[in-house]
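Peer 1: quick one, what's the 3D model for this:
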Amino acid sequence: MEELKKNILSNFNDIEICTRQDNRMFINTKKETVLSLLSYLKNAGYDHLALVSCNDWIDDGEFELVYILSAYMKKDEEYQEKEKTNIIIKTRIAREEAKFITVIDIFENAEPYERELHEMFGIKFEGHPRLTTLFLELEYEIPPFRKDFDTDKYVENKYGQIPTIKERKSNKRNERT
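Peer 2: Numbers count the residues shown, from 1 in each chain. Presented below is the predicted three-dimensional model:
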């Protein structure tokens, strides 16, 4: 993992790398570097995009996009050192009018992850072929995974008018009399 760290640092500027003993490498980078870094790592054998996720840093006015890469196992008998490593790439983008470029050209399986982040956080992935809904059947004024989404208000508006079982039983008794 130290060799990989050295190679990344010699090929990219403005990158912070932290490695841990549990075979995880954390890379913080600027958004302009993410695509070239993902391509570099894929060409270096980290060819499995395991996850794309997002953290909402509302107080900072930013989202943090998180890409997790690993290498596919080449031999059935045992893991090689590279295959034990998980690389976590983090970059921040503005929360207001959140947008980032799609990484589908590098990792095709990013497609549903980007759709989910668009739906749940409102991030527009430029160049994405179909940012359609994936999970939700309703549209929301504020996407539901943002920290400023008011879950209590939503539940009250959506379900507050539905009578409880106790209220329904009481209403049925009143209707019979």
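
Peer 1: can you pull out the helices in the chain?
Peer 2: 2-11, 34-43, 81-84, 110-121, 151-159, 165-176 (DSSP state H).

Peer 1: now the third one: buried residues?
Peer 2: Read it as helix 81-84. For helix 81-84, a neighbour-count test (16 or more other C-beta atoms under 10 Å) marks 82-83 as buried. Backbone N, C-alpha and C define where each C-beta goes, glycine included.

Peer 1: so that it lines up with my notes, have the first residue be 55 from now on.
Peer 2: All right, first residue 55 from here; so that's helix 135-138.

Peer 1: picking up where we left off before, what's the most buried one of the helices of the chain?
Peer 2: For those, the largest average neighbour count (mean count of other C-beta atoms under 10 Å) is found in helix 164-175, namely a mean of 20.

Peer 1: what helices or strands is that helix leaning on?
Peer 2: Packing partners of helix 164-175 (3 or more C-beta pairs under 8 Å, 6 or more residues apart in numbering; DSSP states H and E): strand 102-111, strand 178-180.

Peer 1: what's the closest of these to Asn163?
Peer 2: Asn163 lies closest to strand 102-111 among the helices and strands packed on helix 164-175, at 5.6 Å (C-beta to C-beta).

Peer 1: the closest one - contacts with which helices or strands?
Peer 2: Judged by 3+ C-beta pairs under 8 Å, 6+ apart, strand 102-111 is in contact with strand 116-124, helix 164-175.

Peer 1: export these to CSV and append columns for mean pLDDT and distance to Leu103.
Peer 2: Shown next, in CSV, are the helices and strands packed on strand 102-111 (pLDDT from 0 to 100; distance: least, C-beta to C-beta, whole Å):
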stretch, mean pLDDT, distance to Leu103
strand 116-124, 97, 6
helix 164-175, 97, 6
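
Peer 1: in TSV: these, plus distance to Ser107.
Peer 2: Formatted as TSV, those follow (distance: least, C-beta to C-beta, whole Å):
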stretch	distance to Ser107
strand 116-124	4
helix 164-175	8
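
Peer 1: does Gln134 touch Lys128 like I think?
Peer 2: Yes: taking C-beta atoms under 8 Å as the definition, Gln134 is a contact partner of Lys128 at 6.6 Å.
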